[in-house]
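> fold the following and give me the result.
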Amino acid sequence: MGGGFGGRGGFRGVDEEAQRRSNADAPHIDGLGRRVVALFRPYRGRIVLTGVLVVLGAGIAVVPPVIVQRIFDDALFPVTGSAPDLRLLSVLVSVMVGLFLLTAALGVLQTWLTATVGNAVTGDLRVKLFEHLQAMELGFFTRTKTGVIQSRLQNDVGGVSGVLTNTVTSILGNAVTVISALVAMIIIDARLTAIAVVMMPVLVFVQRRVGQVRARIAGQTQESLSELTSITQETLSVSGILLSKAFNRQRTESARFQEENVNQIRLQVRRAMSGQGFFAVVQVLMASVPAVIYLVSGWLIAGGAGAITAGTVVAFTTVQARLLQPLMGLMRVALDLQTSRALFARIFEYLDLRPAIVDAPGAADVASAPGPIGRIEFRDVVFRYPDAGPDSRPTLDGVSFVAEPGQHVAFVGPSGAGKTTVIYLAPRLYEASGGSVLFAGADVRTLRQESIIDHIGIVSQETYLFHATIAENLRYAKPDATAAELEAACAAANIHHVIRGFAQGYDTVVGERGYRLSGGEKQRIAIARVLLKDPPILLLDEATSALDTVSERVVQEALDNVARGRTTLSIAHRLSTVVGADVIHVIDGGRIVETGTHGQLLAKGGLYAELAREQTAAARIEGLESQRAPELESGPEKHGTR
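Prediction:
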């Protein structure tokens, strides 16, 4: 295989090249608030209605305290020594109860609108991020841990869902309540109002400092959560658990998880406790205001500074008491917004990444290409992986070849020579750094990626099956395939008779990554899946290298059936699988060093002949010379050419 594929460790976050592309092409954090607001744009109508309800509800909420003043001064104690005005009292109490009912109804409707809009925006953001990640080139995923990607998609988006759901109504509702309460307080008594709000500027300043601390902690928390997700995804996958059990490393993996979990707990506690002292001080100050108002009122009355009735004091303290919760709510929202900036920045960091491979403006379909479909040509192709240094040796260096329609072209060579890179450059899963890759006579950069992929079937060394039934895995290639089509494809792939032997047949669940099946069975199902797609071009990436001799023979027979009449590019580890290829290219150090048929290359006595001798010797050691060695040592007179 070609180099450049990430191992189990991978990178903790976005690689440097991806970050460079992100920072160069799009704003990263500047205008973050504007971008968040833009997420709500499709729901303007509902937000306006929600805002009207919030303003209406908040405005109504400050009316009862004013009515309280009228109840005390006009209904209960209209004139000193006179009886209460029961008629007026009944009217005022009825109005208060009616306002309470109306406020409750508005609150229910407002909550429903808030929940629908907030969760819809969260869902839109999640889908947008998912679709953007799907558009990223293959190299991005070979450089980045799967768990890190999952964490951005799940944990980070989940972390901002509360902000997206509650922010608009919290700001509107609490702001209107605070403003209306302040207006009501000024109307009742401006002097007492000045005393009640004297500490607010200081509180706002302290709140901003607390928010900055919480934002830093939030970023660290999400990084830790990302690492936890990555450890879980790596260790508890079928491959990961098999590896840890095979080496008795469960305790080590548990220790690694526990260490990061302790870090996560510490950060969560820091995040929860940051600002609690601030809010405790705010609560004490605001709760102490009524006592201060009583004291100041006594001073004003005793000093003859102005008439302050009992109703004025009661109404003022009632309004002021209603100021506490919305004021605290505004401060909490402000802190949440500051905290969520770190999460939004992480989300937009991924959304700002630009795929390295995109369709050119006016890209055409393969059907409009000038050459025959099935023809692939490399012209002096050079390739470097994006994260490779400028002075590093290129993975491919000046590779040129032509595969004509229906021809079988094989690539062999030492591990790391660049063979897999060739396979993935053909359908433009990777982008050539230099030279040209032509598909049906057109440069792949002038064609639509989807159109190219529609004409290609890939059978890789590592077969991927979903945790679903065999039929569902097969229909991934053709969702509307009939049962007869499934059976025909599986029969051609030499697997139908095996599936019929299962108790549930095609409804058999294959397990995570197909682990309930043998390697040969998985490969043949993958071949059947490609057959359902029925592409004119087939790419085989060491499709039999991981199989035993018997399974390899069966799978190779299935591959021969699939390849018949199709252009086939194949990578071979075992030379016995490509002895019948029309052309064999030997790659070494990123260059094609030998070209010919099996017999011609053996006769040259070069690298191919050396590889054949090594494999023949290995086969003899394993006692398989009667099955494999004759194949490798024979020339074209026995096997012929395709």
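> residue closest to the middle of the protein?
Closest to where the C-alpha atoms of the chain average out (C-alpha atoms, centre = their mean) is residue 153, at 3.4 Å.
> so what's the closest residue to it other than its chain neighbours up against?
In space, and not counting its chain neighbours, residue 153 is closest to residue 129: 5.7 Å by C-beta to C-beta, 6 or more residues apart in numbering. Glycine gets a C-beta too; all of them are placed from N, C-alpha and C. Shown in contact with residue 129 (C-beta atoms under 8 Å, 6 or more residues apart in numbering): 152, 153, 157, 347, 350, 351.
> of those, buried ones?
Those of those that meet the buried threshold are 152, 153, 157, 347, 350, 351, by 16 or more other C-beta atoms under 10 Å.
> now, those residues that are in helices?
Among these, the members found in helices (DSSP state H) are 157, 347, 350, 351.
> what's the distance between the second one and residue 157?
Spelled out, that is residue 347. According to C-beta to C-beta, to the nearest Å, residue 347 stands 6 Å off from residue 157.
> name the residues contacting each of these two.
Common neighbours of residue 347 and residue 157 are listed as 125, 129 (criterion: C-beta under 8 Å, 6+ apart).
> where along the stretch 1-150 of the chain do the helices fall?
Taking DSSP state H, counting those that start in this stretch as the test, the helices found in the stretch 1-150 of the chain are 16-25, 32-38, 44-61, 63-70, 86-135, 138-143, 146-151.
> and the fourth one, which residues are buried?
Judged by neighbour count using 16+ other C-beta under 10 Å, the buried positions of helix 63-70 are 64, 65, 67, 68, 69, 70.
> and the nearest residue to residue 466 once chain neighbours are set aside, what helix or strand is that in?
Once flanking residues are discounted, residue 466 sits nearest to residue 473: 5.7 Å by C-beta to C-beta, 6+ apart. For residue 473, the host element (DSSP states H and E) is helix 470-474.
> same question for that helix, mean pLDDT?
Mean pLDDT, helix 470-474: 92.
> now the next helix or strand along the chain from it: buried residues?
Past helix 470-474, further along toward the C-terminus, the next helix or strand under DSSP H and E is helix 483-492. By 16+ other C-beta under 10 Å, the buried positions in helix 483-492 come out as 485, 486, 487, 488, 489, 490, 491, 492.
> against which helices or strands is the following helix or strand past helix 483-492 packed?
For helix 483-492, the following helix or strand on the C-terminal side (DSSP H and E) is helix 496-500. Helix 496-500 is packed against helix 483-492, with contacts defined by 3 or more C-beta pairs under 8 Å, 6 or more residues apart in numbering; DSSP states H and E.
> for the helix it packs on, C-alpha coordinates in CSV please.
Extracted in CSV, the C-alpha atoms of helix 483-492 (Å, rounded to 0.1, in the frame of the first residue of the first chain):
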residue,chain,number,x,y,z
ALA,A,483,-34.3,-10.2,-4.2
ALA,A,484,-33.6,-11.8,-7.6
GLU,A,485,-30.9,-9.2,-8.3
LEU,A,486,-29.3,-9.7,-4.9
GLU,A,487,-29.2,-13.5,-5.5
ALA,A,488,-27.8,-13.1,-9.0
ALA,A,489,-25.0,-10.8,-7.8
CYS,A,490,-24.2,-13.1,-4.9
ALA,A,491,-24.1,-16.1,-7.2
ALA,A,492,-21.6,-14.4,-9.5
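> contacting residues around that helix?
471, 474-475, 478, 481, 496-497, 499, 506, 524-525, 528-529, 531-532, 558, 561-562.
> strands along this protein, start to end?
376-383, 396-403, 408-412, 434-439, 442-443, 456-459, 537-541, 567-571, 583-588, 591-596 (DSSP state E).
> pLDDT score assigned to the residue nearest to residue 153?
With respect to pLDDT, residue 129 has a value of 89.
> so that it lines up with my notes, have the first residue be 23 from now on.
Sounds good: first residue 23 from here, last item residue 151.
> residues touching residue 473, list them.
By C-beta under 8 Å, 6+ apart, the contact list for residue 473 reads 386, 387, 388, 389.
> leaving out sequence neighbours, find the closest residue to residue 405.
Nearest residue to residue 405, sequence neighbours excluded (C-beta to C-beta, 6+ apart): residue 418, at 4.2 Å.
> how many other residues sit next to the one you found?
Around residue 418 there are 27 other residues, counting by other C-beta atoms under 10 Å.
> so it sits against residue 612, correct?
Yes. Using C-beta atoms under 8 Å, residue 418 makes contact with residue 612 at a distance of 4.7 Å.
> any common contacting residues for those two?
405, 440.
> okay, now residue 109: neighbour count?
9.
> tell me the confidence at it?
At residue 109, pLDDT is 80.
> how much space between it and residue 280?
72 Å.
> swap in residue 338?
Relative to residue 280, residue 338 is positioned 56 Å away (C-beta to C-beta).
> also residue 303?
36 Å.
> out of those two, which sits in the busier spot?
residue 303 (14 against 10).
> distance of that one from residue 349?
13 Å.
> what does stretch 309-327 contact?
Contacts of stretch 309-327 (C-beta under 8 Å, 6+ apart): 213, 214, 217, 218, 328, 330, 335, 338, 339, 342, 343, 346.
> farthest pair within these?
By the measure C-beta to C-beta, 328 and 346 form the most distant pair in these, at 26.0 Å.
> I'd say residue 629 and residue 597 touch.
No. Residue 629 lies out of contact with residue 597 (C-beta under 8 Å); the separation is 11.4 Å.
> can you report how many residues lie near residue 246?
Other residues near residue 246 come to 20 when the count uses other C-beta under 10 Å.
> what residues are up against the residue lying closest to residue 283 once chain neighbours are set aside?
The spatially closest residue to residue 283, leaving aside those adjacent along the chain, is residue 250, at 6.6 Å (C-beta to C-beta, 6+ apart). Going by C-beta under 8 Å, 6+ apart, residue 250 touches 279, 282, 283, 286.
> looks like the second one contacts residue 251 (just checking).
Think residue 282. No. Using C-beta under 8 Å, residue 282 is not in contact with residue 251, being 9.9 Å away.
> which one's more surrounded, the two?
Between residue 282 and residue 251, residue 251 has the larger neighbour count (other C-beta under 10 Å), namely 22 against 19.
> if I look at that one, how far off is residue 168?
9 Å.
> equivalent analysis for residue 602, please.
For residue 602, the distance to residue 168 equals 38 Å [C-beta to C-beta].
> ok, the two, which is more surrounded?
residue 602 (19 against 15).
> next up, phi/psi of that one, please.
phi -100, psi 10 (degrees, to the nearest 10).
> and it, how far from residue 467?
33 Å.
> which of the contacts of residue 250 has the largest number of neighbours?
Neighbour counts for the contacts of residue 250 (other C-beta under 10 Å) peak at residue 282, which has 19 neighbours.
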